[in-house]
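[1] kindly return the folded structure for what I paste below:
(4 chains)
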Number of protein chains: 2
Amino acid sequence: MSRRNRNAGASRRQAQAPVFAALGDQVRLRIVTRLCDGGPMSITRLTAGSRVTRQAVSKHLLVLQQAGLVRSARRGRERIWQLEQRRLQEARRYLESISEQWDEALGRLRKFVEA
Amino acid sequence: MSRRNRNAGASRRQAQAPVFAALGDQVRLRIVTRLCDGGPMSITRLTAGSRVTRQAVSKHLLVLQQAGLVRSARRGRERIWQLEQRRLQEARRYLESISEQWDEALGRLRKFVEA
DNA sequence: GAAAAATGCAACTAAATGGTTGCATATAGA
DNA sequence: TCTATATGCAACCATTTAGTTGCATTTTTC
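    Numbers count the residues shown, from 1 in each chain, chains lettered A, B, ... in the order given. I've put the predicted structure just below:
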């Protein structure tokens, strides 16, 4: 592999690692799922039924936002949160590419096991 | 959603979040990639070319191991690390299901945006 | 305009994380 | 057996993370 390609891999990793990190927490994963299923909603609604406080949820939302996965907008006295389509698509594509990469690797790995 | 289904979701999340967390770090993501491309190898070889010490890599390998993503076996004076096929397949399937879930959500989200 | 609701902000704490260094142990090979 | 190599173990440190509580601010709504 050329140095250039190696660096391309590194910067891609650099870009996507935060997404994984953001999803690597049960509370956040649940937030994403809820926004997925329930559409845009406020912190208070997201917090309802959660085992942590609103402030905790708020911090998690900030993490998700910094990873580019969610976005928010003020509406009256509440703030509505929703998934960020672009980034989510991007992450999806990356997940798929990783998935394929693994698939190939698993094929090669079988040889090692059989050997 | 029934309580049962919610709990099923929760336990699935509980099972998969560590995988995301494990991949949510550049060093670990790189380790996985190297094991993917280079096949099973020792810590020393994994550490070569890395910017962190062997011990740091060792700790990262432990994290990956606890997430079930890698496995190791002693061979003579060295320990050979390799990707765990089963878990990786499992993670792959989960990534794909999440991916689909997002896809559907993105479709629904467009309605919100247009509305 | 006053009470209730929704959020924002700040300080603080406990625990986890990511990294290091130093030293001990085990194995390969000359 | 002696030396170099590969790993394991433990202590230690700085930073980040995940959570809390308390109080201030902004909007509704009656």
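[2] so where do the strands sit in chain A?
    According to DSSP state E, chain A carries its strands in the segments A:41-42, A:70-75, A:78-83.
[3] deepest of the ones you listed, which one?
    Comparing those by mean neighbour count (mean count of other CB atoms under 10 Å in any protein chain shown), strand A:78-83 ranks first with a mean of 18. Placement of C-beta: from N, CA and C, glycine included.
[4] just to revisit the earlier point, I'd like the strands of chain A as a markdown table, with mean pLDDT appended.
    Converted to a markdown table, the strands of chain A look like this (pLDDT from 0 to 100):
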| stretch | mean pLDDT |
| --- | --- |
| strand A:41-42 | 96 |
| strand A:70-75 | 96 |
| strand A:78-83 | 96 |
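[5] need those in JSON lines with distance to residue B:99, can you?
    Formatted as JSON lines, those follow (distance: least, CB to CB, whole Å):
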{"stretch": "strand A:41-42", "distance to residue B:99": "22"}
{"stretch": "strand A:70-75", "distance to residue B:99": "17"}
{"stretch": "strand A:78-83", "distance to residue B:99": "13"}
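[6] compare those and give me the one nearest residue B:63.
    strand A:70-75 (26.1 Å; CB to CB).
[7] roughly how far does residue A:58 sit from residue A:75?
    Counting by CB to CB, to the nearest Å, the gap from residue A:58 to residue A:75 is 16 Å.
[8] same check, this time on residue A:42
    8 Å.
[9] same thing with residue A:90?
    26 Å.
[10] residue A:34: which of the strands of chain A is closest?
    With CB to CB as the yardstick, what comes closest out of the strands of chain A is strand A:41-42 (7.6 Å).
[11] and the residue nearest the centre of chain A?
    residue A:19 (4.0 Å; CA atoms, centre = their mean).
[12] now that residue, nearest residue through space, not along the chain?
    Of all residues not flanking residue A:19 in the chain, residue A:91 sits nearest, at 4.9 Å (CB to CB, 6 or more residues apart in numbering or on different chains).
[13] with residue A:25 instead?
    Nearest non-adjacent residue to residue A:25 (CB to CB, 6+ apart): residue B:17, at 6.1 Å.
[14] neighbours of that neighbour, just the number please.
    Neighbouring residues of residue B:17 were enumerated by other CB atoms under 10 Å in any protein chain shown; the total is 19.
[15] what sits against residue A:28?
    A:22, A:60, A:63-64 (CB atoms under 8 Å, 6 or more residues apart in numbering or on different chains).
[16] bridging residues for the nearest residue to residue A:40 once chain neighbours are set aside?
    Excluding its sequence neighbours, the residue lying closest to residue A:40 (CB to CB, 6+ apart) is residue A:82, at 3.7 Å. For residue A:82, the beta-bridge partners under DSSP bridges are residue A:71.
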